Each structure stands twice: as C-alpha cells, then as structure tokens.
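Asks: all I have is the shape, not the residue letters:
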Ligand code: SF4
Ligand code: SF4
C-alpha cells in the first residue's frame, strides 16, 4: 500500500517549479537515475508521444482498457531520466558481458520507474509511464531535455556518459517543473568527422554519410528530424542471426570511453569550442586504443570481484 497526502488528510506538496526540479533530481540520484531533464508537454512536444496516448478534459489520467491511455488536458511535464549502463562490463567483448550490462540497466530502469512513481504519488501528484514499455520517443525527449545530442548511431550521446546508458526513461506528471533546455556540446558536429560506430557496425546499419539528412528512405524509420537514420531492421536481423546484444556502437564511441583524466576534459572542451580539431581527436582516439572493440581474450569472469564497482557502474560516469 502506497499512501497519498489525501490518505492522511494533509495538503499535497507545493513548491516552485525550480524547487520541484531540484528535489526530483536529488531524488533521482538516490532512486537510480544518473541525471534528469524536464520537458513541458505542448502541441509540439506532444508529437513525441506514442500514438496510443490520448488527451481528454478529465481531472485525472486513466486507462480505458482498449490499449490506449488517456491523459488530462492540463499542464503536464515529462521527467526524462538517464539510466546508466555498466561501463565496466562494456570493456569486454564476451557476449554475456554486454548482454548483462544491457539487461541489468533495463532492470534498474524499471525499479527506478516504480520508485519515482511512488515518490510522485507521495507528494500528491499524478504520474504515468516510466517503465521500459515507454510512452514516447526517448532520444528526442532526451535531446529536448538537454541530456545529450542525437548521435550518428541513432542513440543519445551525452557529454558525461557518452552512449553508455540504457534508454531515457519518460514519466508524465502534473508536478510543475522548471524546463531544461537542449544543449550544444559539439557532439552532433563531432559525429560528422568521427563515424567510428558506423565503421565498426557489423550489419552496416549505421550510415557513413558525412552530413545528416531530413529523412530515412525506409518506411520503418521515423521522419522529421535532421540526423543520421540508423536501419534498425539490419541491426536486429544481425542480432537475431546469432550475435545477441551487440553493443559495438556504444562500446566504441569515443564519448563512451572518455574517463576522468584531465586530458579528456580538455578534449571535451575542444570538441565543443574548436570543431576543426575533430578529425585529429578521432585519430587520437584510435592511437590511444580507445573506441576499439576490446580483445576477445579478456574475460570479465576472471577478475577479483572486489575490484568491480558496485552494479558495474563507473564512478566517473554515474
Ligand atoms: S548494436 Fe551492433 S549491429 Fe546494431 S547498430 Fe549497433 S553496432 Fe550495429
Ligand atoms: S562513435 Fe562517433 S559518430 Fe558514432 S555516435 Fe559516437 S561520436 Fe558519433
């Protein structure tokens, strides 16, 4: 049984949008989200929700039981939460290592989702979504929330976590939240010169074009944004053909590999301020052995277990 303020006969929590946003970010860190951003639902941003979401003039959202979900026509915000994936596990090519990083992050995502819903309910507010079933497009919401930029591989690329997280969890609420804004950390520009994920993709699902475009030429590719259109059918066919949980595009991304070293902070600054150096930085990434598929002889199962960060989450990333 989870209680609401109403159950105790007390008023719900009241705070300014800024106070509420700060409180949720702190709660998110404890409940399993590495970071959060907030997007207000408007006529424009509602287009990023999936087609089974409907709006009606009702006080509370409800499930009509026909496969759709009704949200109330009132001010609503989307809590966008980054769920980190194990960088430690990504350093091995063992298929079960990548699979474990991937599925453990999904599992933590669902646990976080349940917790944040209980948290919102305890404050006296509505909540909808949040589990990995998803209510909308996670990458565009992540971009709108300022959590990263849309990268060549069709994955959100964050300045802090690279591509090493498993989805941006989306939760709709009527708790007023200060909106966060999209960022420009030079990542989109860097992708033009980098292409490492495309070069290393075994199914050729990631385009090699220098420039992004306004639409994929396949019927299953979402249209309407300027970017690179990954071919999910090629990716999935490859994985169903026997290489499950291929995560090469994540493992080799230079942003995923950067660590706490000062040099990498300087590189991040250079990428955002001096894009003419991007090609040189991409070459440096090769020279230093970053962004290469790890050696198949390196096994995750033969290390001292106490050397593994808890949940396999690297402290510099999560
Ligand atoms: S998961 Fe593997 S096959 Fe799919 S896009 Fe990434 S690198 Fe290519
Ligand atoms: S590997 Fe390079 S091209 Fe691909 S998403 Fe990362 S930065 Fe962009």
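Replies: On my side now, so go ahead. Predicted model only: the values in this text are computed from it and were never measured. Ligands and ions are numbered 1, 2, ... in the order given.
Asks: please enumerate the strands of the stretch 101-250 of the chain.
Replies: Assigned strands in the stretch 101-250 of the chain, in chain order: 127-129, 149-150, 156-157, 165-173 (criterion: DSSP state E, counting those that start in this stretch).
Asks: surely residue 89 meets residue 103?
Replies: No: if you go by Cβ atoms under 8 Å, residue 89 and residue 103 don't touch, sitting 10.5 Å apart. (Glycine included, C-beta is placed from N, CA and C.)
Asks: residue numbers of the protein in contact with ligand 1?
Replies: By Cβ under 6 Å from any ligand atom, the part of the chain that sits against ligand 1 consists of 201-203, 205-206, 230, 235, 238, 246-249.
Asks: just to revisit the earlier point, neighbour count for residue 89 and residue 103, which is higher?
Replies: When residue 89 is set against residue 103 and neighbours are counted by other Cβ atoms under 10 Å, the residue ahead is residue 89, at 25 against 14.
Asks: what is the burial count for residue 158?
Replies: Neighbour tally, residue 158, other Cβ under 10 Å: 27.
Asks: quick one: contacts for it?
Replies: For residue 158, the set of contacting residues under the criterion of Cβ atoms under 8 Å, 6 or more residues apart in numbering consists of 82, 147-148, 165, 255.
Asks: do residue 115 as well
Replies: Counted by Cβ under 8 Å, 6+ apart, residue 115 has contacts 31-32.
Asks: phi and psi next, for whatever residue of the stretch 1-150 of the chain ends up closest to ligand 1.
Replies: Distances between the stretch 1-150 of the chain and ligand 1 by Cβ to the nearest ligand atom are smallest at residue 98, namely 9.1 Å. Main-chain dihedrals, residue 98, degrees, to the nearest 10: phi -70, psi -40.
Asks: same deal with residue 7?
Replies: Comment: the main-chain dihedrals of residue 7 come out as phi -60, psi -30, following degrees, to the nearest 10.
Asks: how many neighbours does it have?
Replies: Residue 7: 10 surrounding residues under other Cβ under 10 Å.
Asks: let me know the closest of the contacts of residue 158 to residue 212.
Replies: The shortest separation between residue 212 and any of the contacts of residue 158 is 15.6 Å, and it belongs to residue 148 (by Cβ to Cβ).
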